[in-house]
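A.B. asks: Below is the sequence, then the predicted model.
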Amino acid sequence: MADPFAEWQINERDYPQHGTPEERLRFLLGYAILAPSGHNTQPWLFQLRPDGVDLIADRTRCLPVVDPFDRALVISCGAALGHLCTAMRFYGVEPDVRLLPDALDADLLAHVAFGADVRPSSRDVARFRAITRRRTTRKHYPEEPLPDGLAQALHADAAAEGCELAIVSDLEQRRAIAALVAEGDRAQFRNPAFRRELASWVHSRRASSRDGMSGAAFGMPDVLSAVGGLVIRTFDMGDRQGATDEAIATGSPALLVLGTRADDPRAWLAAGMALSSILLDVTAAGWTSAYLNQPVETDALRPRLGEAAGIAGHPQLLFRIGRAEPGEPAVRRPVHEVLHEPAQV
Ligand SMILES: Cc1cc2nc3c(=O)[nH]c(=O)nc-3n(C[C@H](O)[C@H](O)[C@H](O)COP(=O)(O)O)c2cc1C
């Protein structure tokens, strides 16, 4: 069987520095595809152009129940764009990004061209090296203060994309947010369509598709992936605590809420790019992260989450950060599978 994690073994020394722009972009996309995505749907396609690459939303990979407006789908594509930009800077090129360049084509999310030569900063280098080490880690994290300087760095990451970030460490405030997560969990798991959609993206890593989530991502043996419909997505099943308020509030030193002023595709792309920088900085600091998006996905709870976190705009993502042994990576589709070949006419 081919190594299901081969895409994570990309070697930075293999960059074709003197290759054609197309060869360089193909290599750089190997980092873009390591971005996180809702249910690991990897809803992105790329089309190589003479002057760069287009990022296209693959709406066949949508999640109509949990994400009816493709909000998380576009955020995921924004995260892939953020990873691509980080990789370009590492190799000395400033990315020249145009978001939503064609008003008549809502699927064309961005065009990225090679811009001016740049010398990567130490932060660019640290972020780049974090790409292959970043994981979503659904375990409990011990209570401990954030590493020095991390909070400031994460606020700057959000601000750089015009987003707002709340970092919630206060226990009472975490409890209030955790209660919303638990309420969201109950609402979602009551809905059979939600459970069926989640189950359809939980499958063994030995499955031929290189997408979705293995049961291993939830602390189950991979062979139990078939019972994915039972999975509680917040914590590993080994804890048997499910999404209790207490477990979430005390199992994470900080809860992060990323918000945007608008709630449209441009804002979602910005949120995805901010997410990419934030997660890579968290990883570079030796910490890890996991999502608790239930209150963002439940209409009645979304404004309450904003209030609880002190966010003025629209909450887009809720996740927690802390320290834990990272698990195995999640599978990825190889670059050649996400290259869009235009129809021949
Ligand atoms: C927009 C977005 C929403 C996500 N929502 C959740 C979530 O609510 N619960 C969860 O456990 N993981 C969530 N994830 C994490 C994905 O499941 C994860 O990125 C994917 O399985 C790939 O694994 P990796 O991040 O370890 O590469 C989300 C990721 C993104 C980008």
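C.D. replies: Structure received. Numbers count the residues shown, from 1 in each chain.
A.B. asks: So residue 102 is in contact with residue 56, correct?
C.D. replies: No: between residue 102 and residue 56 there is no contact under Cβ atoms under 8 Å: 10.7 Å. All C-beta spots, glycine's among them, are computed from the backbone N, C-alpha and C.
A.B. asks: where do the contact lists of those two overlap?
C.D. replies: residue 108 (Cβ atoms under 8 Å, 6 or more residues apart in numbering).
A.B. asks: And those two? Which one has more around it.
C.D. replies: Remark: of residue 102 and residue 56, residue 56 carries more neighbours, 19 against 12, as counted by other Cβ atoms under 10 Å.
A.B. asks: where's the closest residue to the ligand within the stretch 1-150 of the chain relative to residue 135, distance?
C.D. replies: Nearest residue of the stretch 1-150 of the chain to the ligand (Cβ to the nearest ligand atom) works out as residue 36 at 2.9 Å. With the distance defined as Cβ to Cβ, to the nearest Å, residue 36 ends up 9 Å from residue 135.
A.B. asks: try residue 53
C.D. replies: Distance from residue 53 to residue 135, by Cβ to Cβ: 26 Å.
A.B. asks: got it, and residue 191?
C.D. replies: From residue 191 across to residue 135, the span is 28 Å (Cβ to Cβ).
A.B. asks: the more surrounded of those two?
C.D. replies: residue 135 (21 against 12).
A.B. asks: The more buried one and residue 327 touch, don't they?
C.D. replies: Yes: assessed by Cβ under 8 Å, residue 135 is found in contact with residue 327 at 6.2 Å.
A.B. asks: what about the helix or strand harbouring residue 128, average pLDDT?
C.D. replies: If you go by DSSP states H and E, residue 128 is part of helix 122-130. Mean pLDDT, computed over helix 122-130, is 98.
A.B. asks: Is there proximity between it and the ligand?
C.D. replies: No: using Cβ under 6 Å from any ligand atom, helix 122-130 stays clear of the ligand, with a minimum separation of 12.3 Å.
A.B. asks: That helix - contacts with which helices or strands?
C.D. replies: Here helix 122-130 touches helix 71-90, helix 265-284, going by 3 or more Cβ pairs under 8 Å, 6 or more residues apart in numbering; DSSP states H and E.
A.B. asks: That helix: what's the following helix or strand?
C.D. replies: Next in sequence after helix 122-130, counting helices and strands by DSSP H and E, comes helix 150-160.
A.B. asks: ok now the helix or strand just after that next one, how far from the chain's centre?
C.D. replies: Going down the chain from helix 150-160, the next helix or strand is strand 164-168, by DSSP H and E. The chain centre lies 17 Å from the centre of strand 164-168; the measure is Cα atoms, centre = their mean, to the nearest Å.
A.B. asks: Which secondary structure elements does the following helix or strand past strand 164-168 sit against?
C.D. replies: Later in the chain than strand 164-168, the nearest helix or strand by DSSP H and E is helix 171-189. Applying 3+ Cβ pairs under 8 Å, 6+ apart, we find helix 171-189 packed against helix 245-250, strand 254-260, helix 294-297, helix 302-309.
A.B. asks: let's see 10 Å
C.D. replies: For helix 171-189, the packing partners by 3 or more Cβ pairs under 10 Å, 6 or more residues apart in numbering; DSSP states H and E come out as strand 164-168, helix 192-200, helix 245-250, strand 254-260, helix 294-297, helix 302-309, strand 314-322.
A.B. asks: who are the neighbours in contact with residue 43?
C.D. replies: Residue 43 makes contacts with 37, 56-63, 67, 70, 72-77, 80, 211, 338, as judged by Cβ atoms under 10 Å, 6 or more residues apart in numbering.
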